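Engineer: Model the structure of this input:
(chains A and B)
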Number of protein chains: 2
Amino acid sequence: MIQDAVREDAPQIHAINANTSVFSPEETETVDEMLEEAFTQGYEKSGYQFIVSKEDNRLLGYACFGPHSLTDRTYDLYWIAVDPNARGGGIGKKLLAAAEDRLRLLGARLIIVETSGLPAYESTRAFYHATHYKQEAILKDFYTDGDDLVIFTKHL
Amino acid sequence: MIQDAVREDAPQIHAINANTSVFSPEETETVDEMLEEAFTQGYEKSGYQFIVSKEDNRLLGYACFGPHSLTDRTYDLYWIAVDPNARGGGIGKKLLAAAEDRLRLLGARLIIVETSGLPAYESTRAFYHATHYKQEAILKDFYTDGDDLVIFTKHL
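Structural biologist: So this is what the prediction gives:
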């Protein structure tokens, strides 16, 4: 079941990030901070909406998105992650579809996804190709030397 | 003379933005907010460094830059603008060179500049080409339908 994240979900979101090999400690900390802002300030002020996939009380994955400032209805999909122990069940695709549904309700025109060009992110990039995102740009060495930024977009 | 912005510069920075035909009211307001954050929180916490070009007490232009989170020494050049009445004197190029000098001191590895693909920004894009930035990516319809994002980069 997919629903809005509540404050009680924060530890399980943190645990998913900490258990996902591709998240750096800085990235995990950044998600924690964005969660805190989202709960303290609300969606309108923070610009961050978190949704979660839950089965009973177990959190299987989450996504986070919000408007890109100074654009006309362009939204960033900041994060989407699934518990490594819950993979293969289509949870990522369901979270992405739910995020897109919410973004349509918010009036989104364009979704932007940024990811890495490293081999460790090959399945991530395949996920966006499979869900009809367009790989529209690459910035060489953006994250660090040898680690490119890959930008996917989808028009709603 | 190029120096760090001080709080007293804020009205003249606002006036330059308000007088520059390409800044929207939202963009002018965003710069005002970033200035306020820069002065209230300082560079380390806000992540925004403003520098200004001054002649006597007249502010001729400014630039703003700062680190891009979750990257290895990648910096964004957020804004650079010159008083429309002071154009043609190379002030923009001097501001950009001063910003790059500061970024080198900060250890920057890569500079990212985002601008618009609209005809109104043709001179802006020509400016970055002339100062040896590489036009590395275009995101179609990013700002709004018909208004692309153009990304320039420079390795330091």
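
Engineer: do the longest helix along chain A and chain B meet at all?
Structural biologist: Of all segments of type helix in chain A, defined using DSSP state H, the longest is helix A:25-46. Yes: Helix A:25-46 lies within reach of chain B by CB under 8 Å from any CB of the partner chain, at A:26-27, A:30. C-beta: built from backbone N, CA, C; applies to glycine.

Engineer: if I look at the residue lying closest to A:T28 once chain neighbours are set aside, how far off is A:E33?
Structural biologist: Nearest non-adjacent residue to A:T28, counting by CB to CB, 6 or more residues apart in numbering or on different chains: A:N17, 4.2 Å away. For A:N17, the distance to A:E33 (CB to CB, to the nearest Å) stands at 12 Å.

Engineer: More neighbours: which of these two?
Structural biologist: A:N17 (21 against 11; other CB atoms under 10 Å in any protein chain shown).

Engineer: can you list the residues of chain A near chain B?
Structural biologist: A:24, A:26-27, A:30, A:69-74, A:109-110, A:112, A:136-145, A:147, A:151, A:153, A:155.

Engineer: Note down every partner strand of the helix or strand harbouring A:A81 and its orientation.
Structural biologist: Element membership of A:A81 [criterion: DSSP states H and E] is strand A:74-82. Strand A:74-82 sits in its sheet next to strand A:58-67 (antiparallel), strand A:110-116 (parallel), going by DSSP bridges.

Engineer: Give me the contact list for the last one.
Structural biologist: Just to be clear, that refers to strand A:110-116. The list of residues contacting strand A:110-116 from outside it, by CB atoms under 8 Å, 6 or more residues apart in numbering or on different chains, reads A:22, A:65, A:68, A:71, A:73-77, A:100, A:103, A:121, A:124-125, A:128, A:133, A:143, A:147-156, B:139, B:141-142.

Engineer: Give the next helix or strand downstream of it.
Structural biologist: helix A:122-130.

Engineer: Kindly confirm my reading that A:I16 is in a strand.
Structural biologist: No: A:I16 is assigned helix when assessed by DSSP: H, G, I helix; E, B strand; the rest coil, not a strand.

Engineer: quick one: A:F65 from chain B, how far?
Structural biologist: Per CB to the nearest CB, to the nearest Å, A:F65 is found 16 Å from chain B.

Engineer: what sits against that residue?
Structural biologist: So A:F65 contacts A:48-49, A:75-78, A:99, A:102-103, A:111 (CB under 8 Å, 6+ apart).

Engineer: per-residue confidence for it?
Structural biologist: Note for A:F65: predicted pLDDT of 98.

Engineer: Please apply the same query to the one 4 residues further on.
Structural biologist: On the pLDDT scale, A:S69 is placed at 96.

Engineer: Could you give the number of residues near it?
Structural biologist: By other CB under 10 Å, neighbour count at A:S69 equals 11.

Engineer: does it really touch B:T30, like I thought?
Structural biologist: Yes: with contacts counted by CB atoms under 8 Å, A:S69 reaches B:T30, the gap being 6.8 Å.

Engineer: what are the bridge partners for the residue nearest the centre of chain A, then?
Structural biologist: Centroid check for chain A by CA atoms, centre = their mean gives A:W79 as the closest residue, at 1.9 Å. Legend: beta-bridge partners of A:W79 under DSSP bridges are A:C64.

Engineer: how close does it sit to A:K134?
Structural biologist: 20 Å.

Engineer: for A:L70, helix, strand, or coil?
Structural biologist: Assigned with three-state DSSP, A:L70 falls in the coil class.

Engineer: ok, back up a step: pull out the buried residues from the contacts of strand A:110-116.
Structural biologist: Listed as buried from the contacts of strand A:110-116 are A:65, A:68, A:71, A:74-77, A:100, A:103, A:121, A:124-125, A:128, A:133, A:143, A:147-154, B:139, B:141-142; burial here means 16 or more other CB atoms under 10 Å in any protein chain shown.

Engineer: Next, work out how far apart A:K54 and chain B are.
Structural biologist: Taking CB to the nearest CB, one finds A:K54 at 27 Å from chain B.

Engineer: Check whether that residue really touches A:L60, as I assumed.
Structural biologist: Yes: counting by CB under 8 Å, A:K54 does reach A:L60; the two are 6.7 Å apart.

Engineer: who has more neighbours, these two?
Structural biologist: A:L60 (22 against 16).

Engineer: burial of the closest residue in space to A:R7 that isn't next to it in sequence, as a residue count?
Structural biologist: Excluding its sequence neighbours, the residue lying closest to A:R7 (CB to CB, 6+ apart) is A:F39, at 4.9 Å. A:F39 is flanked by 16 other residues according to other CB under 10 Å.
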